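1. fold the stuff below for me.
(2 chains)
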Number of protein chains: 2
Amino acid sequence: MKNKGRIEEIAHIYSGLQKEMCQTLEQADGEAVFEENKWEKNIGSGKTCVIRKGAAIEKGGVNFSFVGGDFTPQMESLLGEKANHYAATGISSIMHPVNPYVPIIHTNVRYFALDNGTEWFGGGIDLTPHYIDIREAGNFHRELKSICDKYSFDFYPHFKKWADDYFFIPHRNETRGIGGIFFDRLKPDAKINIEQLIAFSTDVGSAYANLYAQIVKEKNLKEYTSRQKEWQELRRGRYVEFNLVCDRGTKFGFESNGNTEAILVSLPASAAWEYNHEVKQGTPEYDTLKLLRKDIDWVNL
Amino acid sequence: MKNKGRIEEIAHIYSGLQKEMCQTLEQADGEAVFEENKWEKNIGSGKTCVIRKGAAIEKGGVNFSFVGGDFTPQMESLLGEKANHYAATGISSIMHPVNPYVPIIHTNVRYFALDNGTEWFGGGIDLTPHYIDIREAGNFHRELKSICDKYSFDFYPHFKKWADDYFFIPHRNETRGIGGIFFDRLKPDAKINIEQLIAFSTDVGSAYANLYAQIVKEKNLKEYTSRQKEWQELRRGRYVEFNLVCDRGTKFGFESNGNTEAILVSLPASAAWEYNHEVKQGTPEYDTLKLLRKDIDWVNL
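-> You can find the predicted model right below:
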């Protein structure tokens, strides 16, 4: 593998980022602490940090992994590249809150290198409120825009649209939430070098934990009833559908014989499904469903 | 489409079978009744019968559909056939019980015809106990064997193995349950004609409802505690994983722009996931996990 030193450097940075993210999230929760589980498989190693039954976070994971191996025909068709071997390092994280007024949040940053010399970054952040709060959605997107703008003014518009397209559940004709940013195959070029891309991806990871800490602080004490909890369970059902049916990361994890428990720590502690569930016009649930669509300009709404 | 008369005849038989299945299952539940929802989409029509919050059945669906349309490139690659148009009619059903000692049951029977003249039957039954009861598993498999043996002594051994391979969750290295029978591309030939195949597939559907009625009668009053309910929720989580990640019927349904609510009526009312859940040796949960593997000779165990 070319760039062996580089991938090790990036893995080291991501491993430090994982620690920082866990600290920020633990402080935000105020009660639960992350359990650390190191794992090793034939494809590589990783550390899964899991937080459970917190004051704010019901279940959450921050995964770090550093893997590599044969570039299989399945990966070729999934990634549209030709190579013999790959190496990848990244962090992925999802937090499922206790309070239905606190959204689910997800991030992923990753670096991928092939033995044909190709290398790229991928990742993103997206927010899945059980109840969409337009002010919160605006703040979230403006913060992501400000991070993107530090690196390129092209990033936010391009990556925001990509998130709308990616975090979409075709069989429901719904977006997963209010989107965020999503990027892939982001390669160093004349405009942006590898160090800047490393900095961008670590900024994304840091912003994730800080943004969530802020939202938890604002929303976690908001009162709710069993009606909001039931709605949360149904929305978690949709989240499960996205992760198991649509998510490329989950598919890639399974294809590459990844660590199943680490991959599926993304699933909520519980979820519900109701046949033909209907919501009445004029309810907060109805208002949220209306906003689960692409191309909403959250920054300027 | 060739065989237009034939597919209409089979659709009519399946529609009658749906009615019969619902009656048997309603009687078994003793409390809840099926709601009927007819649907029509551009690809065809169907009737979804849903039972909820019963004395025995927490959530269950019996779907009938009669659809057709362009044979898309996705279907070509999924089915390995070349054609311009397809038509299909079938029943699929899943029952999720209240009592964790009652298993989840599933069946599917379907007839598929292509405009290139190819036609076949597919389907099966499988049982997913939250707690495996060896006597019940033996009865279940012996009953399936006796139905198969009416048509061909090759059927049971062949279709039992197929079920072991099909109802398997690779990322968990677990079977979904104790299997049953699974068959596909079952075409009329010198040994078995189309009328016999129609009779076989309707026998499968009838057996499903009757077998479940018998199990409900035996097990529904068995006492359980919150520990068994929690285990049931986790096993339902696995069921969701199979249906969304592995099941070809779900994939085909989404690919063919099917009725999402009808397809996903298969999901339980609720499910749970726990990171790295462990069971202690010597517990009933441990004993069940040990039996979630292929190639167990349930008939003679």
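2. now the closest residue to chain B within the stretch 201-301 of chain A: closest residue in space, sequence neighbours ignored.
-> Across the stretch 201-301 of chain A, no residue is closer to chain B than residue A:244, which sits at 3.8 Å (CB to the nearest CB). For every residue, glycine as well, the C-beta is placed using N, CA and C. In space, and not counting its chain neighbours, residue A:244 is closest to residue B:244: 3.8 Å by CB to CB, 6 or more residues apart in numbering or on different chains.
3. surely that neighbour meets residue A:245?
-> Yes - using CB atoms under 8 Å, residue B:244 is in contact with residue A:245, at 5.1 Å.
4. which of these two has more neighbours?
-> residue B:244 (22 against 19; other CB atoms under 10 Å in any protein chain shown).
5. specify the beta-bridge partners of the one residue in the stretch 1-150 of chain A that gets nearest to chain B.
-> Per CB to the nearest CB, residue A:50 is where the stretch 1-150 of chain A lies closest to chain B, at 5.0 Å. Counting by DSSP bridges, residue A:50 is bridged to residue A:35, residue A:61.
6. neighbours around it, how many?
-> When neighbours are counted by other CB under 10 Å, residue A:50 comes out with 21.
7. helices of the stretch 51-200 of chain A, residue ranges please.
-> A:73-79, A:134-151, A:155-166, A:194-219 (DSSP state H, counting those that start in this stretch).
8. report the buried residues of the shortest one.
-> Right, helix A:73-79. Buried residues in helix A:73-79, counted by 16 or more other CB atoms under 10 Å in any protein chain shown: A:75, A:79.
9. quick one: residues in contact with it.
-> A:81-83, A:86, A:248, A:251-252, A:255-256 (CB atoms under 8 Å, 6 or more residues apart in numbering or on different chains).
10. list buried residues within the residues you listed.
-> Buried, going by 16+ other CB under 10 Å: A:81, A:83, A:86, A:251-252, A:255-256, out of these.
11. hmm, which two among those are most spread apart?
-> Pairwise distances across these (CB to CB) peak at 18.4 Å, for the pair A:83 and A:251.
12. around residue A:117, how many other residues sit close by?
-> 10.
13. and for residue A:6?
-> Residue A:6: 16 neighbours (other CB under 10 Å).
14. any idea whether it is helix, strand or coil?
-> What DSSP: H, G, I helix; E, B strand; the rest coil gives for residue A:6 is helix.
15. chain A against chain B: which residues are in contact?
-> A:37, A:48, A:50, A:52, A:59, A:61, A:170-172, A:233, A:237, A:240-241, A:244-245, A:254, A:260-261, A:263-265, A:267-276 (CB under 8 Å from any CB of the partner chain).
16. restricted to buried residues, select these in ChimeraX.
-> Applied in ChimeraX, the following selects the buried portion of those according to 16+ other CB under 10 Å:
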select /A:37,48,50,52,59,61,171,172,233,237,240,241,244,245,254,260,261,263,264,265,267,268,269,270,271,272,273,274,275
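17. show me the residues of chain A next to chain B that map onto strands.
-> A:37, A:48, A:50, A:52, A:59, A:61, A:270-272 (DSSP state E).
18. ok, now which ones touch the closest residue in space to residue A:276 that isn't next to it in sequence?
-> With CB to CB, 6+ apart as the criterion, residue A:276 has its nearest non-adjacent residue at 5.2 Å, and that residue is residue B:261. Taking CB under 8 Å, 6+ apart, we find residue B:261 in contact with A:275-276, B:48.
19. ok, of those, which one's closest to residue A:132?
-> residue A:276 (22.3 Å).
20. can you pull the contacts of that closest one?
-> B:37, B:50, B:261.
21. who's in contact with the closest residue to the first one other than its chain neighbours?
-> I take that to be residue B:37. Spatially, and ignoring its direct neighbours in sequence, residue B:37 is nearest to residue B:48 (4.7 Å; CB to CB, 6+ apart). Listed by CB under 8 Å, 6+ apart, the contact set of residue B:48 reads A:275, B:36-37, B:39, B:61-64, B:259, B:261-262, B:265.
22. from those residues, pick the one nearest residue A:178.
-> residue B:261 (24.3 Å).
23. next one, pLDDT for that closest one please.
-> Per-residue pLDDT puts residue B:261 at 95.
24. can you pull the contacts of residue A:159?
-> Contacts of residue A:159 (CB under 8 Å, 6+ apart): A:124, A:148, A:181-183.
25. look at it and report its pLDDT.
-> 98.
26. number of nearby residues for the nearest residue to residue A:112 once chain neighbours are set aside?
-> Leaving aside its sequence neighbours, residue A:112 sits nearest to residue A:88 (CB to CB, 6+ apart; 4.7 Å). Residues within reach of residue A:88, counting by other CB under 10 Å, total 22.
27. I'd assumed residue A:114 was in contact with residue A:88.
-> No - under the criterion of CB under 8 Å, residue A:88 makes no contact with residue A:114, lying 9.6 Å away.
28. please identify the buried residues of stretch A:9-28?
-> Here stretch A:9-28 shows A:10-11, A:13-15, A:17-19, A:21-22, A:24-26, A:28 as buried, counting by 16+ other CB under 10 Å.
29. what of stretch A:85-92?
-> A:86-92.
30. same thing with stretch A:151-168?
-> A:151, A:155-156, A:158-160, A:162-164, A:166-168.
31. from the residues you listed, pick the one nearest chain B.
-> Relative to chain B, the closest of the buried residues of stretch A:151-168 is residue A:168; by CB to the nearest CB it sits at 13.2 Å.
32. the closest one and residue B:186, how far apart?
-> 37 Å (CB to CB, to the nearest Å).
33. what's the weakest-modelled helix or strand in chain A?
-> Using mean pLDDT, DSSP states H and E, the weakest-scoring helix or strand in chain A turns out to be helix A:73-79, at a mean of 84.
34. how far is it from where the chain is centred?
-> 22 Å (CA atoms, centre = their mean, to the nearest Å).
35. ok, stretch A:177-189 next?
-> 11 Å.
36. now that stretch: average pLDDT?
-> 96.
37. and for stretch A:266-282?
-> Rounded mean pLDDT across stretch A:266-282 is 97.
38. span of that stretch from start to end?
-> One end of stretch A:266-282 sits 32 Å from the other (CA to CA, to the nearest Å).
39. so how far is that stretch off the chain centroid?
-> 21 Å.
40. what does stretch A:200-208 give?
-> 11 Å.
41. now swap in stretch A:286-297 and tell me
-> 19 Å.
42. show me which residues of that stretch are buried.
-> A:288, A:291-292, A:296.
43. now, those that are in strands?
-> Using DSSP E, none of those sit in strands.
44. send over stretch A:156-163 as CSV, restricted to the C-alpha atoms.
-> Provided in CSV are the C-alpha atoms of stretch A:156-163 (Å, rounded to 0.1, in the frame of the first residue of the first chain):
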residue,chain,number,x,y,z
TYR,A,156,-21.8,23.7,1.7
PRO,A,157,-24.1,24.0,-1.2
HIS,A,158,-22.7,20.8,-2.8
PHE,A,159,-22.5,18.7,0.4
LYS,A,160,-25.9,19.9,1.6
LYS,A,161,-27.6,18.7,-1.6
TRP,A,162,-25.7,15.5,-1.4
ALA,A,163,-27.0,14.9,2.2
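45. can you give me the end-to-end span of stretch A:97-110?
-> OK, stretch A:97-110 end separation, CA to CA: 24 Å.
46. how much space separates residue A:83 from residue A:113?
-> From residue A:83 to residue A:113 the distance is 9 Å (CB to CB).
47. and residue A:125, what does it touch?
-> So residue A:125 contacts A:105-107, A:144, A:180-181, A:204, A:207-208, A:211 (CB under 8 Å, 6+ apart).
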